[in-house]
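K.L.:
Sequence and predicted structure below; questions after.
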Amino acid sequence: MSKKIGIVGATGYTGVELLRLLVNHPGVTLSYVTSRENAGMRVDAMFPNLRGYVDLTFSTPSDEQLAECDLVFFATPNGVAMKSAQVLLDAGVKVIDLAADFRIKDIALWEKWYGMTHASPDLVAEAVYGLPELNRAAVQQARLVANPGCYPTAVTLGLLPLVENKLIDLQGIIADTKSGASGAGRKAEVATLLCEAGDSFKAYAVAGHRHQPEIAQTLSLMAGCPINPTFVPHLLPMIRGIHATLYAMLQEGSVDLQQLYQSRYAAEPFVDVMPAGSHPETRSVRGANFCRIAVHRPGNAERVVVLSVIDNLVKGAAGQAVQNMNLMLGFAEDTALRHPGLLP
Ligand SMILES: NC(=O)C1=CN([C@@H]2O[C@H](COP(=O)(O)OP(=O)(O)OC[C@H]3O[C@@H](n4cnc5c(N)ncnc54)[C@H](OP(=O)(O)O)[C@@H]3O)[C@@H](O)[C@H]2O)C=CC1
Ligand SMILES: CC(=O)N[C@@H](CCC(=O)OP(=O)(O)O)C(=O)O
């Protein structure tokens with residue numbers, strides 16, 4: 001029987017991306033999609049690309065209505081899902097939060113970075129960090145999944161083979177990352193206006209970005225010791241895409257890096273290790289759930305440089321959330337996700 005799906009925050013960029021992906025899913029029915037500002041409006045009136053695909057109207061969020069679903073996505077700002085998750089789980093509904101409410105296990109650390117008191121601290125330990133390439137078996141069993149952040153997805157997948165095998169100086173990792181403006185969401189903000197972000201390029205949050213503790217938490221768990229990478233995000237004058245350039249010093253000079261990456265990701269449906277010497281482009285993953293990775297060792301010296309690209313709205317958010325949903329509901333992991341990137 002078709003599974004009933006709810007989306008809270010369906011008018012945002014990740015919400016509409018969930019709608020776009022899920023209309024092609026043979027095992028689910030979109031049954032309840034919310035917006036507070038646009039309640040009462042037809043979905044296809046706001047998003048004409050969905051005409052003929054979605055016959056629904058946005059509703060005001062209601063836990064009572066959401067409790068009728070089999071699974072609910074929260075594509076909402078930080079601090080929203082944590083208020084409803086317990087009620088929904090008690091009603092037997094599975095929950096995937098695209099925001100950060102359940103990503104950081106240390107509650108005090110989360111409260112420091114997110115500037116609010118956690119409303120469901122008891123659920124944080126249960127939540128599974130939804131990076132299938134790391135936690136597939138746990139996601140399959142999960143009631144509550146914390147979908148990873150966009151930058152942490154690109155950075156973690158890029159570093160995973162090196163960190164798992166402790167092949168690099170774990171204290172000297174640098175993650176130099178760039179994102180398109182859709183990473184900031186659809187709400188109006190001066191920093192992402194065309195005239196502010198267009199035809200320009202800048203770093204931001206160098207003193208500290210909330211994805212730093214998330215990346216540090218995952219890498220530390222993978223290595224079994226504390227890791228605190230340098231993480232610097234940049235805003236690129238484009239709409240979709242993240243490009244992470246990752247630098248580290250090799251401890252083990254004789255390792256075949258290309259072979260290491262190819263064998264680690266050989267069975268992964270959404271990680272593509274490109275041929276040696278490649279330079280993956282963000283446009284090769286635009287609209288697609290892939291992470292494309294290339295590993296370099298300039299001059300065959302000690303430094304390794306990994307290039308990792310994703311679409312922030314797909315593998316960095318909605319696509320990864322659907323991948324997690326497929327695992328949680330027992331569908332083939334790639335259902336509705338087998339789209340190539342959109343060129344040019
Ligand atoms: N954009 C990206 O690339 C990525 C985003 N994320 C995370 O996913 C989440 C959604 O991001 P994004 O789609 O970009 O955000 P948007 O700002 O584009 O959309 C937010 C959505 O949430 C709804 N919303 C806002 N406040 C509330 C509330 N208090 N209760 C219920 N609904 C609310 C909004 O509709 P309305 O106000 O009408 O209810 C809107 O539909 C965020 O937490 C973001 O950090 C994660 C990875 C990547
Ligand atoms: C370009 C841009 O502004 N990007 C966002 C990415 C945030 C995001 O989507 O991540 P969370 O889910 O952790 O909020 C930022 O740096 O805040």
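P.N.:
Now that the structure is in, tell me what you want to look at. Ligands and ions are numbered 1, 2, ... in the order given.
K.L.:
Give me the mean pLDDT for stretch 63-74.
P.N.:
Average pLDDT, stretch 63-74: 98.
K.L.:
Spell out which parts of the protein neighbour ligand 1.
P.N.:
The chain comes close to ligand 1 at residues 8-15, 35-38, 61, 75-78, 80, 98-99, 149-150, 182-183, 185-187, 312-313, 316-317, as judged by Cβ under 6 Å from any ligand atom. Placement of C-beta: from N, CA and C, glycine included.
K.L.:
where does the stretch 151-300 of the chain come near ligand 2, residue by residue?
P.N.:
Where proximity means Cβ under 6 Å from any ligand atom, the interface of the stretch 151-300 of the chain facing ligand 2 comprises 179, 181, 183-184, 211, 233, 235.
K.L.:
Now for the residues you listed: which two are most distant?
P.N.:
Of all pairs drawn from those, the one with the longest distance (Cβ to Cβ) is 181 and 211, at 16.4 Å.
K.L.:
still on that earlier bit, among the residues of the stretch 151-300 of the chain next to ligand 2, which ones are buried?
P.N.:
Using 16 or more other Cβ atoms under 10 Å as the burial test, those include 179, 181, 183, 211, 233, 235 as buried.
K.L.:
who touches residue 234 in this structure?
P.N.:
Listed by Cβ atoms under 8 Å, 6 or more residues apart in numbering, the contact partners of residue 234 are 176-179, 201-204.
K.L.:
what does residue 18 give?
P.N.:
7, 10, 73, 75, 318, 321-322.
K.L.:
What's the mean pLDDT across the helix or strand that contains it?
P.N.:
Secondary structure assignment for residue 18, by DSSP states H and E: helix 13-22. What helix 13-22 shows for mean pLDDT is 98.
K.L.:
For it, list the C-alpha coordinates in CSV.
P.N.:
Backbone C-alpha positions of helix 13-22 (Å, rounded to 0.1, in the frame of the first residue of the first chain) are rendered in CSV as follows:
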residue,chain,number,x,y,z
TYR,A,13,13.6,25.5,-1.7
THR,A,14,14.2,22.1,-0.1
GLY,A,15,10.4,21.6,0.3
VAL,A,16,9.7,22.1,-3.4
GLU,A,17,12.7,19.9,-4.2
LEU,A,18,11.1,17.1,-2.1
LEU,A,19,7.8,17.6,-4.0
ARG,A,20,9.7,17.4,-7.4
LEU,A,21,11.4,14.2,-6.4
LEU,A,22,8.5,12.5,-4.7
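K.L.:
List the buried residues in that helix.
P.N.:
Of all the residues in helix 13-22, those buried under the rule 16+ other Cβ under 10 Å are 13-22.
K.L.:
just the residues you listed now: which is nearest ligand 2?
P.N.:
Taking Cβ to the nearest ligand atom as the measure, residue 14 is the one of these closest to ligand 2, at 7.9 Å.
K.L.:
Assign residue 76 to helix, strand or coil.
P.N.:
Three-state call for residue 76 (DSSP: H, G, I helix; E, B strand; the rest coil): coil.
K.L.:
got the contact list for it?
P.N.:
8-9, 12, 98-99.
K.L.:
now do 6 Å
P.N.:
Under the criterion of Cβ atoms under 6 Å, 6 or more residues apart in numbering, the contact list for residue 76 reads 8-9, 99.
K.L.:
What distance do you get for it to residue 48?
P.N.:
To residue 48, residue 76 is 24 Å away according to Cβ to Cβ, to the nearest Å.
K.L.:
Over to residue 155?
P.N.:
From residue 155 over to residue 48 the distance is 35 Å, taken as Cβ to Cβ.
K.L.:
Looking at those two, which one has more neighbours?
P.N.:
Summary of the neighbour comparison: residue 155 and residue 48, criterion other Cβ atoms under 10 Å, with residue 155 having more neighbours (30 against 9).
K.L.:
Among the contacts of residue 234, filter down to the buried ones and hand me the PyMOL syntax, if you would.
P.N.:
What follows is the PyMOL syntax selecting those of the contacts of residue 234 that are buried according to 16+ other Cβ under 10 Å:
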select buried, resi 176+177+178+179
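K.L.:
neighbours around the nearest residue in space to residue 190 that is not next to it in sequence, how many?
P.N.:
Of all residues beyond its chain neighbours, the one nearest residue 190 is residue 196 (6.0 Å), with distances taken as Cβ to Cβ, 6 or more residues apart in numbering. If you count neighbours by other Cβ under 10 Å, residue 196 ends up with 14.
K.L.:
ok, now residue 46?
P.N.:
14.
K.L.:
What of residue 27?
P.N.:
Look at residue 27: counted by other Cβ under 10 Å, it has 17 neighbours.
K.L.:
ok, now how distant is it from ligand 1?
P.N.:
To ligand 1, residue 27 is 24 Å away according to Cβ to the nearest ligand atom, to the nearest Å.
K.L.:
Having no further points to raise, I will conclude here.
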